[in-house]
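Engineer: Just the structure for this:
(one chain, ligands or ions: 1)
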Amino acid sequence: MKLLVINGPNLNMLGIREPDIYGKDTYADLIARIENYAQTLGVTVECYQSNHEGAIVDKIQEAYFTGVDGIVLNPAAYTHTSVAIADALKAVSIPFVEVHISDVDKREGFRQVSYVREIAQRTISGKGFAGYLEAMELLVAEHES
Ligand code: DQA
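Structural biologist: Reported below is the predicted structural model:
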């Protein structure tokens, strides 16, 4: 099974960016945890991060042509604005789980809008880096069922 983890804008700044909200661990720490967990689950994983909406759309489209079985997606700020990312996910029909490090439902009103939530298998929010691992587990379980 082949998983793709996509992180949106400013998530490359983890560890530096608002550590009281997103924690002190870095983006490299996150990737290490994801890659380690992929080994435990016995799946292949590719991690991708971009600060650009169109690049994320391109990556989602590419996933269709490269046979990705599941996507873990933290669209970051694009969660709350991007029709293009939601449309790309609908276009490829690859099962995906929406992840947020912070609990978006308990933050500003604009963060409670998600353009991808209704088409996601599930949304995991407020569990820190562990949310990505839970999302991977979920996609693997669904793929095997
Ligand atoms: C985030 C929450 C978003 O509102 C924010 O714009 C982010 C990160 C999270 O992981 O908690 O960049 O997706």
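Engineer: show me where the chain has strands.
Structural biologist: Ranges of strands in the chain, per DSSP state E, are 2-7, 44-49, 70-74, 96-100, 122-125.
Engineer: In the sheet, which strands lie alongside the last one, parallel or antiparallel?
Structural biologist: It refers to strand 122-125. strand 96-100 (parallel) (DSSP bridges).
Engineer: got it, and the first one?
Structural biologist: Based on DSSP bridges, the pairing partners of strand 2-7 within the sheet are strand 44-49 (parallel), strand 70-74 (parallel).
Engineer: Is the longest one in proximity to the ligand?
Structural biologist: No - in this structure, strand 44-49 remains apart from the ligand according to C-beta under 6 Å from any ligand atom; the gap is never smaller than 11.4 Å. In this view, the C-beta of every residue, glycine as well, is placed from N, C-alpha and C.
Engineer: for the shortest one, same thing?
Structural biologist: Yes - using C-beta under 6 Å from any ligand atom, strand 70-74 comes into contact with the ligand via residue 74.
Engineer: What are the contacting residues of that strand?
Structural biologist: 1-8, 11, 34, 60, 63, 89, 94-101, 116, 120, 132, 135-136, 139-140, 142-143 (C-beta atoms under 8 Å, 6 or more residues apart in numbering).
Engineer: for it, what is the average pLDDT?
Structural biologist: What strand 70-74 shows for mean pLDDT is 98.
Engineer: Use 563 as the first number for this chain going forward.
Structural biologist: Noted, 563 is the first residue going forward, which turns the last one into strand 632-636.
Engineer: Show me how far that strand is from its chain's centre.
Structural biologist: 4 Å (C-alpha atoms, centre = their mean, to the nearest Å).
Engineer: now swap in stretch 582-592 and tell me
Structural biologist: Stretch 582-592 has its C-alpha centroid displaced from the chain centroid by 15 Å (C-alpha atoms, centre = their mean).
Engineer: do stretch 700-707 as well
Structural biologist: For stretch 700-707, the distance to the chain centre is 16 Å (C-alpha atoms, centre = their mean).
Engineer: can you pull up the bridge partners for the residue nearest the centre of the chain?
Structural biologist: Taking C-alpha atoms, centre = their mean as the criterion, residue 635 is the residue nearest the geometric centre of the chain, at 1.9 Å. According to DSSP bridges, the residues that bridge with residue 635 are residue 568, residue 660.
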